[in-house]
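# fold the following.
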Amino acid sequence: MNEERRTILLVEDTRTNALAVERQLRKAGWGVLHAQTGEEAVRMVCDEGAAIDLILMDIELGSGMDGSQTAGEILKRKELPVVFLSSYTEAEVLERIEKIASYGYVAKNSGGAVLDASIKMAFRLHEAN
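Residues are numbered from 1 along each chain as shown. Coordinates of the predicted model:
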């Protein structure tokens, strides 16, 4: 369990994937909000001012903005750590997200321990900057 409860915005378009990741995050003690689209994520973070401490961002979000575009738009307006979560491992996809100020990349289905450790490392890195 985390010493202080922090809230993660999970941006994932596939509901079954979102439910599985939400379950892992809550089990590890994180608070979780969910957005299904990039546009919804931007609205939640930038317009509605939701109390979000970290964004866990899928790269492919269906129609509309993709994860890298969404992260770029949010980071223009808010300074938050972004960890990308995706099943894509192709070089061109990874190059695209390298250009964004992100705090890591976690392959989907890596398991709860890997996801939790990656989030904790992202928080430490963000706090050090």
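# poorly predicted segments of this structure, please.
1-3, 88-89, 93, 101 (pLDDT under 70).
# the longest helix in it is where?
helix 112-128 (DSSP state H).
# can you count the residues close to Cys46?
14 (other C-beta atoms under 10 Å). In short, each C-beta sits where N, CA and C put it, glycine included.
# now do the helices in the chain.
So, for the chain - with DSSP H - the helices run 15-27, 38-42, 67-77, 91-98, 112-128.
# and the residue nearest the centre of the chain, bridged to which residues?
Nearest to the geometric centre of the chain sits Leu56, at 1.0 Å (C-alpha atoms, centre = their mean). Here Leu56 sits in beta bridges with Leu10, Val83, going by DSSP bridges.
# and it, how close does it get to Glu90?
Going from Leu56 to Glu90 by C-beta to C-beta, to the nearest Å gives 20 Å.
# how about Gln24?
25 Å.
# pick out whichever of the two has more residues nearby.
Gln24 (18 against 8).
# what number of residues lie near the residue nearest to the more buried one when sequence neighbours are not counted?
Take Gln24 and drop its neighbours on the chain: the residue closest to it by C-beta to C-beta, 6 or more residues apart in numbering is Gly112, 4.1 Å away. Gly112 has 14 neighbours, counted by other C-beta under 10 Å.
# mind listing what Gly104 touches?
Residues near Gly104 by C-beta atoms under 8 Å, 6 or more residues apart in numbering: Val83, Phe84, Ser118, Met121, Ala122.
# again, only this time at 10 Å
Neighbouring residues of Gly104 by C-beta atoms under 10 Å, 6 or more residues apart in numbering: 56, 81-85, 97, 117-119, 121-122, 125.
# relative to Leu19, how far out is Gly111?
Taken as C-beta to C-beta, the span from Gly111 to Leu19 is 16 Å.
# an error on my part: the question was meant for Arg77.
29 Å.
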